[in-house]
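Peer 1: I need the structure of the sequence given here:
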Amino acid sequence: MNGPYSPQAPSREEVDALEGETVIEFGTDWCGHCRAAQPLIEQTLATRSGIRHIKVEDGKGRVLGRTFRVKLWPTLIFMRQGQEVARVVRPTDVGEISQALAQLN
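Peer 2: Predicted coordinates:
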């Protein structure tokens, strides 16, 4: 697994100001869907260099996830220059993630 989900989330203003390509992954370390998706996420993101991957712990009282209307884990938000261009919720195959990643071009 590419590190644990960080309980220290950036603010929405910081996320919106990010330069370049970013994938924000919302989830928790104990979530079965999140754990199952990790190999798929890592495999797909390894195909592209230069993409920032931020893993954010989500849940009750976590503001950043609410600003993105996250309801299920894991949710991956694909952003370019601080703007959302794609979203994948509970990926079950590499294809879903690859399609979203392609939208960053």
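Peer 1: In this protein, which helix is the longest?
Peer 2: Ranked by number of residues, the top helix in the chain under DSSP state H is helix 32-45.
Peer 1: as a whole number, average confidence for the following helix or strand past it?
Peer 2: Per DSSP states H and E, helix 32-45 leads on to strand 52-57 as the next helix or strand towards the C-terminus. Averaged over strand 52-57, pLDDT sits at 96.
Peer 1: What are the contacting residues of whichever helix or strand comes after strand 52-57?
Peer 2: With elements assigned by DSSP H and E, the helix or strand that comes after strand 52-57 is helix 63-67. Helix 63-67 is contacted by residues Ala9, Pro10, Ser11, Arg12, Val15, Phe26, Val56, Asp58, Gly59, Thr75 when judged by Cβ atoms under 8 Å, 6 or more residues apart in numbering. Quick note: C-beta positions are derived from backbone N, CA and C, even for glycine.
Peer 1: again with stretch 19-32
Peer 2: So stretch 19-32 is contacted by 4-5, 15, 33-35, 37, 41, 45, 48, 50-59, 64-65, 68, 70, 73-82, 101, 104 (Cβ under 8 Å, 6+ apart).
Peer 1: repeat that for 6 Å
Peer 2: For stretch 19-32, contacts defined as Cβ atoms under 6 Å, 6 or more residues apart in numbering pick out 4-5, 34, 51-58, 65, 70, 73-80, 104.
Peer 1: re earlier: please list only the buried members of the contacts of helix 63-67.
Peer 2: With neighbours counted by 16 or more other Cβ atoms under 10 Å, those contain buried members at Ala9, Val15, Phe26, Val56, Asp58, Thr75.
Peer 1: Against Arg12, how distant is the fifth one?
Peer 2: When you say that, I think you mean Asp58. According to Cβ to Cβ, to the nearest Å, Asp58 stands 14 Å off from Arg12.
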